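Student: Predicted model and sequence below, questions to follow.
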Amino acid sequence: MTRVAAASLALALAASAAAASSVRIDIRPDGHKVIVNESAAQRAVRYATRLMSVPGSRLAGLIESHASRVGLDPKLVRAVIQVESGYNPRALSNKGAMGLMQLMPDTAQELSVADPYDADQNLRGGTRYLRQMLDLFDGRVELALAGYDAGPGAVQRYGGIPPYDETVDYVRSVLGLYRGVDVSADIEGAVRHAPVFLARDAKNRILITNSRPR
């Protein structure tokens, strides 16, 4: 194949891929532009209220293999993938999270994931990280999921699910898919808000603060 023909084929494939899915450009707080590519079907899967079938026997086998390797229920891994990416291995969030289990760049590096868009590598890293969260939070799935979404430090600071709307919705969605029931009541009981302290300022006036008085 000539160089020109190869280039034309590459352009045709790129145009076909773009036409098959909706493309938008988000701007991060640091000003960088990120192209987010998600088809309507993948978005529908992400927002589905029931656990969907895994698209393809190879991917189903990879999920089973990596989940078993770290002692996870494959059904939980499927729920995480469904909410995170809608089974789109090329998913890229506006925060920079990548692939099926939406690994952040630093997390991917820590887990030795060289290519987060490779399904096998992404699942290896994502299942390992989810296992770490479960071990850290004594097997409490709701806290592990909150740690997976918001970071373990936020869960530790609040002593429960942080009161971030995005994280609360995430835990509710994944846990609901996993258990197959409405878990809203359970989630509300696990959400922890910042403690409120009473203190006095230099003029002896009473202050209400979220910082523990010294």
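Tutor: In hand now; what should we look at?
Student: So which residues of the protein form strands?
Tutor: Under the criterion DSSP state E, the chain carries strands at the ranges 22-27, 33-38, 197-200, 206-209.
Student: Can you tell me which of the ones you listed has the worst average pLDDT?
Tutor: Across these, the stretch with the lowest average pLDDT is strand 206-209; it has a mean of 55.
Student: Tell me how far stretch 156-174 lies from the chain's centre.
Tutor: How far stretch 156-174 lies from its chain's middle: 12 Å, per Cα atoms, centre = their mean, to the nearest Å.
Student: how about that stretch: buried residues?
Tutor: The neighbour-count check on stretch 156-174 (16 or more other Cβ atoms under 10 Å) flags 158, 160, 161, 162, 167, 168, 170, 171, 172, 173, 174 as buried. (Each C-beta comes from the backbone N, C-alpha and C, glycine too.)
Student: Distance check, the fourth one against residue 73.
Tutor: The span separating residue 162 from residue 73 equals 24 Å under the rule Cβ to Cβ, to the nearest Å.
Student: now do the third one
Tutor: The spacing between residue 161 and residue 73, counted by Cβ to Cβ, is 20 Å.
Student: With the first one instead?
Tutor: From residue 158 over to residue 73 the distance is 26 Å, taken as Cβ to Cβ.
Student: now residue 124
Tutor: Separation of residue 124 from residue 73 (Cβ to Cβ): 17 Å.
Student: Compare these two (neighbour count), which wins?
Tutor: More crowded of residue 124 and residue 73, by other Cβ atoms under 10 Å: residue 124, with 20 against 12.
Student: Let me know the pLDDT of the more buried one.
Tutor: Note for residue 124: predicted pLDDT of 98.
Student: How many neighbouring residues does the nearest residue to residue 159 once chain neighbours are set aside have?
Tutor: Using Cβ to Cβ, 6 or more residues apart in numbering and skipping the chain neighbours, the partner closest in space to residue 159 is residue 192 (5.1 Å). Neighbours of residue 192 under the rule other Cβ under 10 Å: 15.
Student: and residue 46, how far is that from residue 57?
Tutor: According to Cβ to Cβ, residue 46 and residue 57 sit 22 Å apart.
Student: Which of the two has more residues huddled nearby?
Tutor: residue 46 (19 against 8).
Student: Model confidence for that one, exactly?
Tutor: Listed pLDDT for residue 46 reads 91.
Student: Could you do residue 117 as well?
Tutor: Among the per-residue scores, residue 117 holds a pLDDT of 96.
Student: can you pull the contacts of the closest residue to it other than its chain neighbours?
Tutor: Spatial nearest neighbour of residue 117, chain neighbours left out: residue 99 (5.2 Å); criterion: Cβ to Cβ, 6+ apart. By Cβ atoms under 8 Å, 6 or more residues apart in numbering, the contact set of residue 99 is 85, 89, 90, 91, 116, 117, 118, 119, 122, 126.
Student: one more time with 10 Å, if that's ok
Tutor: Shown in contact with residue 99 (Cβ atoms under 10 Å, 6 or more residues apart in numbering): 81, 84-85, 88-92, 108, 113, 115-119, 121-123, 125-126.
Student: Repeat that for residue 187.
Tutor: So residue 187 contacts 142, 145, 146, 161, 168, 169, 171, 172, 173, 175, 176 (Cβ under 10 Å, 6+ apart).
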